[in-house]
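Student: need a structure here:
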Amino acid sequence: EAVKYAQLAIEFREKGNSSRKDLLAQSYAALARGYVLQAKMTEAIEFNTKALEIRRAVFGEYHPEVAESYNELSIIYSRYDPQKALDLEKRAFAIWKHVYGENHIEVATGYSNLSQRYQDLAQYDKAIEYVKKALNISLALLGEVHPHVATAYCNLGTLYQDTGDYEKAIEYGNKSLGIN
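Tutor: Residues are numbered from 1 along each chain as shown. Coordinates of the predicted model:
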């Protein structure tokens, strides 16, 4: 159903000759998300790329919606080309950091996303480094008892489990459970 409605929105916006190309980009991105849910990755990449191209033309390179397009593409590529996924995630992160500065929750999310991409590549030291950066920003902005903080602790636990450091895995897993 989501794909059908996104396609209708695209038809409407393409025929409407609207000057709001950003709305067309939103529809392309929605259609891409529908294709991801259907595991149609070629189509998802196609429409996310269209959304990205429009957003770059409308907003320029350093805009949160452009970063979101890079992030969406990174998630798709993480399934079968983790290096390309990392490259795309780095572009998204650079935009978020440029737009928001170092101490912003979007930047913390960006660090967490980078951590996941490094984990996909089995580069656990880098993954741990970035999730710790996400944790530190989340703690500073949100305090100890917040779902973002619990997620960061959980992610650290998983990474330490992946590296065989079960003592730290249990420690961070317990911290996460203490918040939840």
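Student: OK, contacts around residue 117?
Tutor: Shown in contact with residue 117 (Cβ atoms under 8 Å, 6 or more residues apart in numbering): 74, 78, 82, 85-86, 89. The C-beta positions use only the backbone N, C-alpha and C, and glycine is treated the same way.
Student: Which member of those is positioned nearest residue 101?
Tutor: Nearest to residue 101, judged by Cβ to Cβ, of those is residue 89 at 18.8 Å.
Student: Correct me if wrong: the closest one contacts residue 111.
Tutor: No: checked against Cβ atoms under 8 Å, the pair residue 89 and residue 111 is beyond contact range at 10.2 Å.
Student: excluding its backbone neighbours, what's nearest the residue nearest the centre of the chain?
Tutor: The residue lying closest to the centre of the chain (Cα atoms, centre = their mean) is residue 71, at 4.4 Å. Leaving aside its sequence neighbours, residue 71 sits nearest to residue 92 (Cβ to Cβ, 6 or more residues apart in numbering; 4.3 Å).
Student: Neighbours of that neighbour, how many?
Tutor: Neighbourhood size, residue 92 [other Cβ atoms under 10 Å]: 24.
Student: Can you name every helix or strand that the host helix or strand of it contacts?
Tutor: Using DSSP states H and E, residue 92 sits within helix 82-100. Helices and strands touching helix 82-100, as assessed by 3 or more Cβ pairs under 8 Å, 6 or more residues apart in numbering; DSSP states H and E, comprise helix 64-77, helix 105-120.
Student: who's in contact with that helix?
Tutor: 61-64, 66-68, 70-71, 73-78, 104, 106-107, 109-111, 113-114, 117-118, 120-121.
Student: same thing but at 7 Å, please
Tutor: Here helix 82-100 makes contact (Cβ atoms under 7 Å, 6 or more residues apart in numbering) with 62, 64, 66-67, 70-71, 73-74, 77-78, 106-107, 110, 113-114, 117-118, 120-121.
Student: And that helix, what's buried?
Tutor: By 16 or more other Cβ atoms under 10 Å, the buried positions in helix 82-100 come out as 82, 85-86, 88-93, 95-97, 100.
Student: quick check: mean pLDDT across it?
Tutor: Averaging pLDDT along helix 82-100 gives 98.
Student: and it, how far out from the chain's middle?
Tutor: Taking Cα atoms, centre = their mean, to the nearest Å, the mean C-alpha location of helix 82-100 is offset from the chain mean by 9 Å.
Student: do the same with stretch 30-37
Tutor: 15 Å.
Student: Quick one: end-to-end length of stretch 135-155, please.
Tutor: End-to-end distance for stretch 135-155, by Cα to Cα, to the nearest Å: 10 Å.
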